[in-house]
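Student: Sequence plus predicted model, see below.
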Amino acid sequence: MPEHHTSERTLVVRRMPFVFNDDIDAQWNRAKPEWSYMVNGASLAMPYLEPYLIRTMKKALPKLKDPALIQEVKDYIGQEAQHYQQHRKFNDLIKSKGYQELNALEEQMLKEYSALEKHQSLRFNLAYAAGFESMALAVGHWLIKHRESLFGGSDPHVASLILWHFVEEIEHKCAAYDAYQAAYGSYWHRVYGTFFAALHVMKFSRRGYIIMMKKDGGWRKIGQRLNIIKYNLCFLFGTAPKLLHSLLPWHHPSDIKDPQWSVDWIHAHKNNSENLAYLDTNNLINPIV
Ligand SMILES: [Fe+2]
Ligand SMILES: [Fe+2]
């Protein structure tokens with residue numbers, strides 16, 4: 001879809017100077033421990049999901065003809081590679097706090113993604129990538145809109161990691177979609193890929209946070225279980241409109257306007273990446289300068 005390509009879509013592969021301290025706490029948002037576990041669960045999937053997306057997009061490259069799209073896909077690969085490496089560092093620290101039970105889940109994710117690559121077509125895997133990216137775009141908008149309530153007062157290292165990740169998910173919203181459209185374009189396979197990817201990733205995230213909450217005792221507490229339900233409902237209702245929009249046959253990710261905060265983040269990064277790796281979580285509501 002060459003008409004969607006403009007120079008403003010140039011992606012920047014950023015190497016962020018994140019530092020995660022050894023004393024990091026699985027409940028990095030003390031006021032919202034259940035939300036912390038949910039984010040940890042999602043983070044756990046990234047070093048398995050994102051390398052799979054990268055391998056899929058690499059396999060799609062020979063099918064693409066538009067030089068601008070080829071470059072966009074290469075930069076997308078660069079961004080995703082940075083994401084999962086940073087999540088790997090964070091996950092290893094969290095795991096070192098005594099969650100060895102997560103090893104079995106990690107093995108399961110490795111196995112399932114290898115099986116998808118081995119037994120499913122490139123069309124399916126690319127539809128998964130495009131579908132996952134539709135979800136990531138919806139999640140990015142939701143996280144940024146509610147950044148104050150979700151990350152306010154939390155550990156700046158973790159808040160900055162997640163918000164950086166989703167600023168870039170918003171920035172590269174078109175790459176997998178356009179690659180899928182150029183290589184295959186079948187509408188119903190894309191719809192199937194979106195549902196499959198969303199449910200698949202949510203399944204892994206949920207297993208991850210349940211393991212951690214069982215270990216820490218929170219899973220047995222009625223208040224914590226109710227909060228988990230509350231955050232899940234907020235997440236589902238908050239992300240559904242944009243995810244459903246992505247299922248329209250005429251949808252293109254560029255139809256969804258980027259939030260001002262992520263646009264500001266990208267501009268701010270040109271001058272200073274140190275501050276963005278350590279956001280002031282007591283002042284998330286104000287624009288980034
Ligand atoms: Fe990512
Ligand atoms: Fe992505």
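Tutor: Now that the structure is in, tell me what you want to look at. It should be emphasised that the depicted structure is a prediction, and the values quoted were computed from it without experimental measurement. Ligands and ions are numbered 1, 2, ... in the order given.

Student: Tell me which stretches of the stretch 101-250 of the chain form helices.
Tutor: 102-119, 122-145, 147-151, 156-171, 175-183, 187-216, 222-245 (DSSP state H, counting those that start in this stretch).

Student: Would you mind pulling up the elements that the fourth one packs against?
Tutor: Contact analysis of helix 156-171 by 3 or more C-beta pairs under 8 Å, 6 or more residues apart in numbering; DSSP states H and E lists helix 33-60, helix 67-95, helix 122-145, helix 147-151, helix 260-271 as its packing neighbours. For glycine as for every other residue, the C-beta is placed from the backbone atoms N, C-alpha and C.

Student: of all the helices of the stretch 101-250 of the chain, which lies closest to Val19?
Tutor: Nearest to Val19 among those is helix 156-171; the distance by C-beta to C-beta comes to 6.7 Å.

Student: can you put the helices of the stretch 101-250 of the chain in TSV and add mean neighbour count, mean pLDDT and distance to Pro287?
Tutor: Shown next, in TSV, are the helices of the stretch 101-250 of the chain (neighbours: other C-beta atoms under 10 Å; pLDDT from 0 to 100; distance: least, C-beta to C-beta, whole Å):
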stretch	mean neighbour count	mean pLDDT	distance to Pro287
helix 102-119	14	98	37
helix 122-145	24	98	12
helix 147-151	19	97	12
helix 156-171	23	98	13
helix 175-183	24	98	27
helix 187-216	19	98	30
helix 222-245	14	98	21
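
Student: Distance to Thr10 added to the helices and strands packed on helix 156-171, as JSON lines?
Tutor: Formatted as JSON lines, the helices and strands packed on helix 156-171 follow (distance: least, C-beta to C-beta, whole Å):
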{"stretch": "helix 33-60", "distance to Thr10": "17"}
{"stretch": "helix 67-95", "distance to Thr10": "8"}
{"stretch": "helix 122-145", "distance to Thr10": "18"}
{"stretch": "helix 147-151", "distance to Thr10": "25"}
{"stretch": "helix 260-271", "distance to Thr10": "11"}
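
Student: between those helices, which gets nearest to ligand 1?
Tutor: helix 67-95 (3.6 Å; C-beta to the ion).

Student: which ones are touching the residue nearest the centre of the chain?
Tutor: When C-alpha atoms, centre = their mean is applied to the chain, the residue found nearest the centroid is Ala136 (5.1 Å). Going by C-beta atoms under 8 Å, 6 or more residues apart in numbering, Ala136 touches Phe166, Glu169, Lys173.

Student: Which of those sits closest to Gly98?
Tutor: For the contacts of Ala136, the nearest to Gly98 is Phe166 (28.3 Å; C-beta to C-beta).

Student: surely the closest one meets Val139?
Tutor: Yes - counting by C-beta atoms under 8 Å, Val139 is a contact partner of Phe166 at 6.5 Å.

Student: Only alpha carbons, please: show stretch 135-146 as PDB.
Tutor: Extracted in PDB, the C-alpha atoms of stretch 135-146 (Å, rounded to 0.1, in the frame of the first residue of the first chain):
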ATOM      1  CA  MET A 135      -3.500  -5.100  20.000                       C
ATOM      2  CA  ALA A 136      -0.200  -3.400  21.000                       C
ATOM      3  CA  LEU A 137      -1.400  -0.200  19.400                       C
ATOM      4  CA  ALA A 138      -4.700  -0.300  21.400                       C
ATOM      5  CA  VAL A 139      -2.800  -1.100  24.600                       C
ATOM      6  CA  GLY A 140      -0.300   1.700  24.000                       C
ATOM      7  CA  HIS A 141      -3.100   4.200  23.700                       C
ATOM      8  CA  TRP A 142      -4.800   2.900  26.800                       C
ATOM      9  CA  LEU A 143      -1.500   2.900  28.900                       C
ATOM     10  CA  ILE A 144      -0.700   6.500  27.800                       C
ATOM     11  CA  LYS A 145      -4.200   7.700  28.500                       C
ATOM     12  CA  HIS A 146      -4.200   6.200  32.000                       C
END
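
Student: where's that stretch relative to the chain centroid, distance-wise?
Tutor: Relative to its chain's centre, stretch 135-146 lies at 9 Å (C-alpha atoms, centre = their mean, to the nearest Å).

Student: Equivalent analysis for stretch 15-24, please.
Tutor: On C-alpha atoms, centre = their mean, the centre of stretch 15-24 falls 18 Å from that of its chain.

Student: just stretch 194-203 next, same as before
Tutor: Using C-alpha atoms, centre = their mean, the offset of stretch 194-203 from its chain centre is 12 Å.
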